[in-house]
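[1] give me a 3D structure for the following:
(2 chains)
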Amino acid sequence: SQQGEEDPQALSIQEGENATMNCSYKTSINNLQWYRQNSGRGLVHLILIRSNEREKHSGRLRVTLDTSKKSSSLLITASRAADTASYFCATPDQAGTALIFGKGTTLSVSS
Amino acid sequence: DAGVIQSPRHEVTEMGQEVTLRCKPISGHNSLFWYRQTMMRGLELLIYFNNNVPIDDSGMPEDRFSAKMPNASFSTLKIQPSEPRDSAVYFCASTNTLTGSDQPQHFGDGTRLSIL
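    As a prediction, this is how the structure comes out:
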């Protein structure tokens, strides 16, 4: 069953602009992860945020987590054409071992 | 270090044929996951292994699907007989849960399967 749902499904921006993607989930979690998938490739882990964290940064990435609203956001600042990819949020299953992925946001960055 | 290695990268076969997908996880990782990705259903977890033992196969769609992990460095996903609706990209991922349950998963580049 789907746990995380990303919004929007698709996003098109110009290079240099910021891109914000949102993820909502249904049950309590102890962490949330974001992954990127380039066309024809496997998913690549970007960042993990724990339930006791509100915000986390990694380079041009900023992730927030609001456990009261059961939502997370991924912000990519100063986007580049190379950021064109699909982005997925993932939350642990009930056993805490496997991950459940959302359907992703497809980001297109044009130069 | 080598990442997760999947083979073949592409497979085209006729309905009814047996299909075997292969995965070599990252050395030292103790958990392995098989996923299927389609436009309609997104990324679905099929089965996962911990220390070579299948833990949860509730995502395996039918008895036509089976998975094995004979040792820590190799896993197979088999479909027999294959059907057109099995067409999808199949991913293998591995992680090391010995260092904690919140470890990132490392994905292979997938096998794109087309059943005619």
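[2] quick check: A:Ile13 touching A:Val109?
    Yes: between A:Ile13 and A:Val109 there is a contact at 5.8 Å, judged by CB atoms under 8 Å. In this view, the C-beta of every residue, glycine as well, is placed from N, C-alpha and C.
[3] when those two are compared, which one has more neighbours?
    Each of A:Ile13 and A:Val109 has its neighbours counted (other CB atoms under 10 Å in any protein chain shown); A:Val109 has more, 20 against 17.
[4] give me the low-pLDDT residue ranges for chain B?
    B:1, B:100-101 (pLDDT under 70).
[5] close to chain A: what parts of it are there?
    Residues of chain B found near chain A (CB under 8 Å from any CB of the partner chain) are B:4, B:31, B:33, B:35, B:42-43, B:45, B:48, B:50, B:55-56, B:91, B:93, B:97, B:101-102, B:104-110.
[6] point out the ones among those residues that are inside strands.
    The strands, defined by DSSP state E, take in B:31, B:33, B:35, B:42-43, B:45, B:48, B:50, B:55-56, B:91, B:93, B:106-107 from the residues of chain B next to chain A.
[7] rewinding a little: quick check: neighbours shared by A:Ile13 and A:Val109?
    A:19, A:79 (CB atoms under 8 Å, 6 or more residues apart in numbering or on different chains).
[8] contact residues of chain A facing chain B?
    Residues of chain A lying near chain B (CB under 8 Å from any CB): A:2, A:30-31, A:33, A:40-45, A:48, A:50, A:88, A:92-93, A:95-104.
[9] for the residue nearest to A:Tyr25 when sequence neighbours are not counted, give me the pLDDT.
    Residue nearest to A:Tyr25 in three dimensions, not counting chain neighbours: A:Gly4, with 4.7 Å by CB to CB, 6 or more residues apart in numbering or on different chains. A:Gly4 is assigned 72 on the pLDDT scale.
[10] could you measure from A:Gly4 over to A:Phe101?
    7 Å (CB to CB, to the nearest Å).
[11] common neighbours of those two, please.
    Both A:Gly4 and A:Phe101 are contacted by A:88-90, under the criterion CB under 8 Å, 6+ apart.
[12] show me where chain A has strands.
    With strands called from DSSP E, chain A shows them at A:5-7, A:10-14, A:19-24, A:31-37, A:43-50, A:55-58, A:61-66, A:71-76, A:85-92, A:99-101, A:105-110.
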